[in-house]
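Asker: have a look at this fold, sequence not included:
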C-alpha cells in the first residue's frame, strides 16, 4: 500500500518522506526506523508535533494522537525503499545504475566507470565513499550508501539535472539494511571479499551473503564478477551469464603484459577475441582488476570496448587511493585508504615494485571496528615494509595505545609506535631518503580523526604529509631526506 501510493498514505496528503524526526517538515510521512542507538518509535510524537501527517510503524503507538494514521509493517526500514522509489517516481527505471560492491576497489572502480561514461558523452552521477557528484557538481558524503529515502531523492535529482547514468558504491551495510532495495541496477560489479566489518557481520559467510544479495535478490541486468577472488568465483558459478574478469585464464576480460611503473600501469586487455592496449594512470597490479571491472561494466552499459579502453588513459587520480604527494622530494609519498589486511598487502606489494630504496609504512586501525584484523595487518606491515610506524587511525571510544598493542601482537620483529598520527607522518617523511617510498595507510581521503565521545578534529593525511615535506625542504634546502 505504501509503495503503491506513498503520497496518499493513510488517506492523507503526503508531501515528503522522513526517517529522522529532526528533518520532519509539515506533510511528511515519518518512518519509525529501529536503529543501533535510536528507535524511531520513541520520536514519533515529536515527528507529529513537527508536522508529520502519518507514521510507518512496526507496532501501534498509543501515545500518538489518534487522528494521525499509523501504517503497520513487519520491518519499517525495509518498507522505506519501495515507498521512496514510488514517491520519487521510480527514477532508476530511467537512470542506468552501475552498483559496485566488494571489500576493496569499490571507490576506484566506480570512479573509473563514471570516467568512461563521461568520456563517451554520457552525463553520469557518482555516489561513493569520497564524494557524490550530481549533475556535474561535487557534494560531501556522510556514508558510502545513504538511506533509501536519500538515495531515491538523489536519483531523481540526477535525472532532473541531466544525468543519464549513475556509478555507485554499494556497501554490505546498505544491502543488509535494505537501503539499496528498489534500485533497478543495470550492472552489478563484485570486486572481491576479504576480512572487514566483522564488527557488524557475524562471520565472513554472513558478510558474503550480504554482498551476494546485490546479485541474487536485487538481480542486476548484468553481473560483472572478479573470477580470481575465491568468493567471486563462487558467486560467478551461481549467476547464469555472469561476465567475469581476472588475470587468470578463463575470465571474460583478462590482462597480459602488465607493466607497472611509478607513473601508471600499461597492459593488454583481452575480451571477446579482441585485444586492446590499456594505459592507466593508476599504479599497482591491484588497480588492473579495478580497470578490468570498470571496462566490463561500461561495455555492459553499451560503451564500445575500444572507447572504454581509450577513456581509461584520461581517468583522474582518485583522492586517497594510492595518491601521490609530490613536493619535489627525491622519494615517493603515497596516501591510501588501505584499512584491511588484503588492501594493505596489495598497496605495500605495489609500492615495493618501484622502491629502489627502503619502504616505509605508517598505519593504524580504527576503534570500535573489527578487532580481529589488527594483528593481521601488523604481520603484513612487518613482513613487507622495511620500516613500520604503528599509529592512531580513528580510535573512537577505544584507547589508542590498546589498539596499537593489538596490532603489534601480530608483528614478528620490532617496529615503531607513535600514537600521534601527525608526528608519525612527520617522522616517516623526515627519515626517508632518495629512492624510498613512504606509504601512509588507513584514512585516505578522510578529512577528520575521530576520538571518544564523538570528538572529531580536522585531519587530512595528504595535507599533513604535504606540510611535513615543506618543513623538511625548508629546514634542509635542496635536500629531501637523510
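Answerer: The structure has been received and is ready for your questions. Just so we're clear, the structure is a prediction, and the values are computed from it rather than from any experiment.
Asker: could you pull out the strands for the stretch 1-150 of the chain?
Answerer: Using DSSP state E, counting those that start in this stretch, the strands of the stretch 1-150 of the chain run over 16-18, 28-31, 54-57, 70-72, 96-101, 124-127, 132-134, 137-139.
Asker: same check, this time on the stretch 351-482 of the chain
Answerer: 359-363, 387-390, 416-417, 437-441, 448-450, 456-458.
Asker: among those strands, which is nearest residue 177?
Answerer: When those are compared by Cβ to Cβ, strand 448-450 sits nearest residue 177, at 21.3 Å. Heads up, the C-betas are built off the backbone N, CA and C, glycines and all.
Asker: packing partners for the closest one?
Answerer: strand 456-458 (3 or more Cβ pairs under 8 Å, 6 or more residues apart in numbering; DSSP states H and E).
Asker: check which helices and strands the strand it packs on is in contact with.
Answerer: strand 448-450.
Asker: stretch 31-41: end-to-end distance?
Answerer: The first residue of stretch 31-41 is 8 Å away from its last residue (Cα to Cα, to the nearest Å).
Asker: any idea how far it is from the chain center?
Answerer: Relative to its chain's centre, stretch 31-41 lies at 25 Å (Cα atoms, centre = their mean, to the nearest Å).
Asker: picking that back up, rebuild the strands of the stretch 1-150 of the chain as CSV, extending it with distance to residue 212 and mean pLDDT.
Answerer: As requested, the strands of the stretch 1-150 of the chain are exported to CSV (distance: least, Cβ to Cβ, whole Å; pLDDT from 0 to 100):
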stretch, distance to residue 212, mean pLDDT
strand 16-18, 29, 97
strand 28-31, 26, 98
strand 54-57, 28, 97
strand 70-72, 30, 97
strand 96-101, 9, 98
strand 124-127, 21, 98
strand 132-134, 26, 96
strand 137-139, 30, 95
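Asker: now those strands as CSV including mean neighbour count and distance to residue 383?
Answerer: Putting those into CSV (neighbours: other Cβ atoms under 10 Å; distance: least, Cβ to Cβ, whole Å) gives the following:
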stretch, mean neighbour count, distance to residue 383
strand 16-18, 21, 50
strand 28-31, 28, 48
strand 54-57, 24, 52
strand 70-72, 16, 55
strand 96-101, 26, 29
strand 124-127, 26, 36
strand 132-134, 21, 37
strand 137-139, 11, 38
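Asker: can you redo these as a markdown table with distance to residue 207?
Answerer: Listed next are these as a markdown table, based on distance: least, Cβ to Cβ, whole Å:
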| stretch | distance to residue 207 |
| --- | --- |
| strand 16-18 | 30 |
| strand 28-31 | 26 |
| strand 54-57 | 29 |
| strand 70-72 | 32 |
| strand 96-101 | 11 |
| strand 124-127 | 21 |
| strand 132-134 | 25 |
| strand 137-139 | 29 |
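Asker: for the ones you listed, which one sits closest to residue 194?
Answerer: If you check each of the strands of the stretch 1-150 of the chain against residue 194 by Cβ to Cβ, strand 96-101 wins as the nearest, at 13.1 Å.
Asker: pairing partners for the closest one, with directions?
Answerer: strand 165-169 (parallel), strand 185-190 (parallel) (DSSP bridges).
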